[in-house]
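> Give me a 3D structure for the following:
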Amino acid sequence: MRTLLLIAFLRAGPGCLFAQRSAAPSPIIDVHLHAVGMFYRPDGTPPPRVCINQVPECGNKPSAFTTDDALLQGTLTLMQRYNIVLGVVSGEESVKVARWLDGAPHRFLGGWMLDGGRSSPQVARLRRAFNSGRYSVLGEITSQYDSRPPDDPALEPYFALAEELDVPVLIHTLGFGAPLPKFRSALGHPLMLEPVIKRHPRLRLYVENAGYPFADEMTALMIQYPQVYADVSTITWIIPREAFHDYLRTLVRAGLSQRLMFGSDQIIWPETIETAVESVETAEFLTSEQRRDIFFNNAVRFFRLNPDTLKTWE
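Just a heads-up that it's a prediction; the model follows:
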């Protein structure tokens with residue numbers, strides 16, 4: 001979610017104290033992080049965490065990290081605490097992502113955020129960025145906020161580039177978002193991605209929040225198109241945990257546990273990383289193998305990583 005969108009999305013919401021980890025946890029990959037600039041409410045106070053319907057897990061505290069540098073350091077602190085060895089980080093401005101890539105070498109894959117509108121970079125510029133190795137992911141694509149469906153012609157050159165260069169793509173395709181005038185929940189139906197997949201069958205695509213709350217459509221899409229994966233990012237903390245578990249259980253029962261990936265979508269609240277990890281850890285219906293797939297193995301496969309080269313925390 002872009003910074004401007006977040007400002008519109010603010011409501012009362014909680015923070016939480018960091019849990020102490022008594023034993024070194026297994027490695028985790030976070031496929032949905034953001035490098036954003038800190039912002040404040042009109043009264044000068046840091047905004048509380050976004051949550052829907054006063055979700056108890058959200059708490060009621062603003063972020064403990066109130067500067068741009070603190071957001072990076074806070075995210076790294078939580079990554080170390082939960083042994084998150086790698087994160088995919090995107091931002092509205094590429095310069096912000098560059099600061100994170102430079103500030104923590106080997107910890108992040110760079111993602112280029114894209115809205116598909118007039119503010120999007122030229123394809124040639126993106127080609128140079130991907131060919132340089134500096135950026136590894138296209139997205140998050142936020143076209144839904146501009147009333148653009150996934151198969152909008154404005155996005156076509158970017159999907160074509162991603163398929164050509166074999167660059168993974170993250171897209172915001174779900175039923176909720178910041179309450180902005182152009183946002184359309186109807187454009188979040190996962191099956192609206194089908195024309196894109198048909199045109200670009202080699203596209204490596206993952207869908208934010210597993211298309212919540214459209215479980216039936218998401219299940220159909222993922223069963224039909226095995227190249228489609230999904231993350232479980234914001235719904236690990238923005239909706240009630242019971243609702244998240246119900247949704248996750250539905251997808252797992254459909255046999256999709258090997259294509260679901262962990263994400264936190266921490267934005268300006270690194271504390272949500274803790275809640276996101278705990279939301280998956282407490283899903284008692286998951287087997288240990290399914291939990292490891294979601295936390296780590298599926299991302300290794302999707303991003304074609306060599307787990308032996310991932311830098312462990314000292």
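
> right, and Ser279 touches Tyr247 too?
No. Look at Ser279 against Tyr247 with Cβ atoms under 8 Å: they stay out of range, at 10.9 Å. C-betas here are computed from N, CA, C, even on glycine.

> if I've got this straight, Glu156 is in a strand?
No. Assessed with DSSP: H, G, I helix; E, B strand; the rest coil, Glu156 is helix; it does not lie in a strand.

> Contact partners for it?
Arg199 (Cβ atoms under 8 Å, 6 or more residues apart in numbering).

> Roughly how far does it sit from Glu278?
The gap separating Glu156 from Glu278 is 40 Å, by Cβ to Cβ, to the nearest Å.

> low-scoring pLDDT stretches of the stretch 201-314 of the chain, where are they?
314 (pLDDT under 70).

> contact partners of stretch 215-222?
189-191, 193-194, 197, 207, 210-211, 228-230, 247, 250-251, 254, 256, 259.

> same question, stretch 116-129
Contacts of stretch 116-129 (Cβ under 8 Å, 6+ apart): 94, 112, 114, 135, 138, 141-143, 146, 148, 152, 154-155, 157-158, 161, 165.

> likewise stretch 296-314?
26-29, 31, 79-80, 83, 85-86, 88, 106-107, 109, 136, 168, 204, 206, 229, 258-262.

> just the buried members of those residues?
Buried members of these, scored by 16 or more other Cβ atoms under 10 Å, are 27-29, 31, 79, 83, 85-86, 88, 107, 109, 136, 168, 204, 206, 229, 259-262.

> Among these, which lie within helices?
Using DSSP state H, the subset of these located in helices is Met79.

> Which of the buried ones among the contacts of stretch 296-314 fall in strands?
Judged by DSSP state E, these include 28-29, 31, 85-86, 88, 109, 206, 229, 260-261 as members of strands.

> re the thing from before, please spell out the PyMOL selection for the buried subset of the contacts of stretch 215-222.
Entered in PyMOL, the line below selects the buried ones among the contacts of stretch 215-222, by 16+ other Cβ under 10 Å:
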select buried, resi 189+190+191+193+194+197+207+210+211+228+229+230+247+251+256+259
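
> So the nearest residue to Ser94 once chain neighbours are set aside, which state does it fall into?
Excluding the flanking residues, the one nearest Ser94 by Cβ to Cβ, 6 or more residues apart in numbering is Trp112, at 6.2 Å. Recorded secondary structure, Trp112: strand (three-state DSSP).

> Please, where are all the helices along this structure?
3-8, 68-81, 94-103, 123-131, 156-165, 194-199, 215-224, 241-253, 272-281, 288-292, 298-303.

> And those helices: which comes nearest Thr234?
Of all these, the one in closest proximity to Thr234, counting by Cβ to Cβ, is helix 272-281 (8.3 Å).

> buried residues in the closest one?
Buried, per 16+ other Cβ under 10 Å, within helix 272-281: 272-280.
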